[in-house]
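> Have a look at this fold, sequence not included:
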Ligand SMILES: [Zn+2]
Ligand SMILES: [Zn+2]
C-alpha cells in the first residue's frame, strides 16, 4: 500500500475517499482541513485568545495539539465531573498535556463546587447525566471565557459528532436547533463568547489516527455515563450507513452546511436577558438561565454570596 501523494509506504486509508497516506502526508492533509476551518471559515486570527474545552479524550487534545503547533494563543479549561477513576485519569492526561506543551490549564471541579459529582447531581436534580453535564459545561465554559478575557471558545467536536447531532435534529425535525447548528456561533455583546468547532471536517477515525500517530496520551475509554446517550445510537446508525456507502456521513453534514438557505442564527440574533439569579446572559423567557434552573433543584441550595447580591 503506497501513499497517494508521495508513493512512500502508506500507514492508513481514509475510507470515504479511499485515499491512502504515509504519516507526513496524512498530517499535512489533516492540517489543511483544520486550517481551512480556522482561516477560510474565519473562525480565529492569531490575535485571538482561544480557550479550549478539554476533556482528556482524543478530540480535545488533538485540537489543542494542532492549535499549539500552528502558533495560536491557547489555554485549556477542564471540568472534572467527579466520576471516580474515569475523571481522575482524564484530569491527569489533560494536566500532563498542558505541562508537556507549556500551556495554561484551568480546572473546574464539580465536587468542590457542589460537594457531589455528576452522577449524584443528576440524581438530585432528576436530569439525565448527559443533559446535566452539558448544561454545566456550557455555562462554565462561557462564563470562564468572558471573565478571563478569552475571545473564542473552541471544542473538539468532529464530523461524526456533528453528523450525529444533525441526524437527531432531523429525526425530530427540531427547526430551532437546525437553525443554530453550525461549526461557528458568533458571540454577542450580551455576554456570549464566540464558539468554534475546528475539527468539524474530520471524522472520528481521522482524529483518532492523528492523536495516535502524534503520540498524544489521551483517555481511551468513553465517559461511562454516555453509554445510553441518544448521540451514541445516532453515531452507530450513521456508521452502519457509512459502511455500505463510504462518504455518506461527510456529504450529509457538509451538504447541510452548504445548502442551508438561511445563515445560522447563532447566539447573535437571540433576544438576550440577564439571569435573575446569577446575572449571566440567557435567552430563556423566564429570565432564569438553564444552569440556575438545574442548580436551584439541588437540596439545600443557597445562592453564593456574589450571586445573592444580584
Ligand atoms: Zn506520503
Ligand atoms: Zn443563572
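That came through, no problem. Treat the numbers as computed from the prediction; the structure is a model and nothing was measured. Ligands and ions are numbered 1, 2, ... in the order given.
> Show me the residue sitting in the middle of this structure in space.
In the chain, the residue lying closest to the centroid (Cα atoms, centre = their mean) is residue 155, at 3.3 Å.
> okay, now the closest residue to residue 128 other than its chain neighbours: neighbour count?
Distance criterion Cβ to Cβ, 6 or more residues apart in numbering; nearest residue to residue 128, sequence neighbours excluded, is residue 122 at 6.3 Å. The C-beta positions use only the backbone N, C-alpha and C, and glycine is treated the same way. Applying other Cβ atoms under 10 Å, we find 20 residues neighbouring residue 122.
> What are the buried residues along the helix or strand hosting residue 122?
Under the criterion of DSSP states H and E, residue 122 resides in helix 118-125. Judged by neighbour count using 16 or more other Cβ atoms under 10 Å, the buried positions of helix 118-125 are 118, 119, 120, 121, 122, 124, 125.
> Could you do stretch 230-250 as well?
Residues of stretch 230-250 classed as buried by neighbour count (16+ other Cβ under 10 Å): 234, 235, 238, 239, 242, 248, 249, 250.
> tell me the average confidence for that stretch?
When pLDDT is averaged over stretch 230-250, the result is 96.
> Also stretch 154-165?
So the average pLDDT for stretch 154-165 ends up being 98.
> Endpoint to endpoint, it covers what distance?
In stretch 154-165, first residue to last residue: 17 Å (Cα to Cα, to the nearest Å).
> Just the residues contacting that stretch, thanks.
Here stretch 154-165 makes contact (Cβ atoms under 8 Å, 6 or more residues apart in numbering) with 43-44, 50-55, 57, 59-63, 67, 74, 181, 183, 195-204, 206-207, 231, 234-235, 238-239, 249-250, 252-253.
> Tell me which of these fall in strands.
Those of the contacts of stretch 154-165 mapping onto strands are 50, 51, 52, 53, 74, 195, 196, per DSSP state E.
> wait, which of those residues is closest to residue 19?
residue 196 (25.9 Å; Cβ to Cβ).
> The closest residue in space to the closest one that isn't next to it in sequence: what's it in contact with?
Excluding the flanking residues, the one nearest residue 196 by Cβ to Cβ, 6+ apart is residue 43, at 4.3 Å. Applying Cβ under 8 Å, 6+ apart, we find residue 43 in contact with 37, 152, 154, 183, 184, 196, 198.
> In terms of pLDDT, where does the last one sit?
Reported pLDDT at residue 198 in the predicted model: 98.
> Would you mind giving me the confidence score for the residue nearest to it when sequence neighbours are not counted?
Spatially, and ignoring its direct neighbours in sequence, residue 198 is nearest to residue 37 (4.7 Å; Cβ to Cβ, 6+ apart). Each residue has a pLDDT score; the one for residue 37 is 97.
> Residue 200 is in contact with residue 37, correct?
Yes - counting by Cβ atoms under 8 Å, residue 37 does reach residue 200; the two are 6.3 Å apart.
> Please identify the helix or strand for the nearest residue to residue 13 once chain neighbours are set aside.
Leaving out its chain neighbours, the residue that sits closest to residue 13 by Cβ to Cβ, 6+ apart is residue 20, at 5.0 Å. Using DSSP H and E, residue 20 maps to strand 19-21.
> Partner strands of that strand and their direction?
strand 12-14 (antiparallel) (DSSP bridges).
> Any part of the strand it pairs with near ligand 1?
No - shown here: strand 12-14 not in contact with ligand 1 (Cβ under 5 Å from the ion), separated by at least 10.9 Å.
> Just the buried positions in that strand, please.
Neighbour-count burial for strand 12-14 [16+ other Cβ under 10 Å]: 12, 14.
> contact partners of the following helix or strand past the helix holding residue 122?
Remark: after helix 118-125, the chain's next helix or strand is helix 129-147, criterion DSSP H and E. Residues outside helix 129-147 that contact it (Cβ under 8 Å, 6+ apart): 51, 53, 77, 79, 81, 106, 108, 110, 118-119, 121-122, 125, 127, 150-153, 191-193, 225-226, 229, 231, 280, 289-291, 294.
> Out of the residues you listed, name the ones that lie in strands.
Residues of those located in strands (DSSP E): 51, 53, 77, 79, 106, 108, 152, 153.
> Show me what the fourth one is bridged to.
In this case it means residue 79. Applying DSSP bridges, one finds that residue 79 bridges with residue 108.
> pretty sure it contacts residue 111?
No - counting by Cβ under 8 Å, residue 79 stays clear of residue 111, with 11.1 Å between them.
> and the strand holding residue 20, what's its mean pLDDT?
Averaged over strand 19-21, pLDDT sits at 97.
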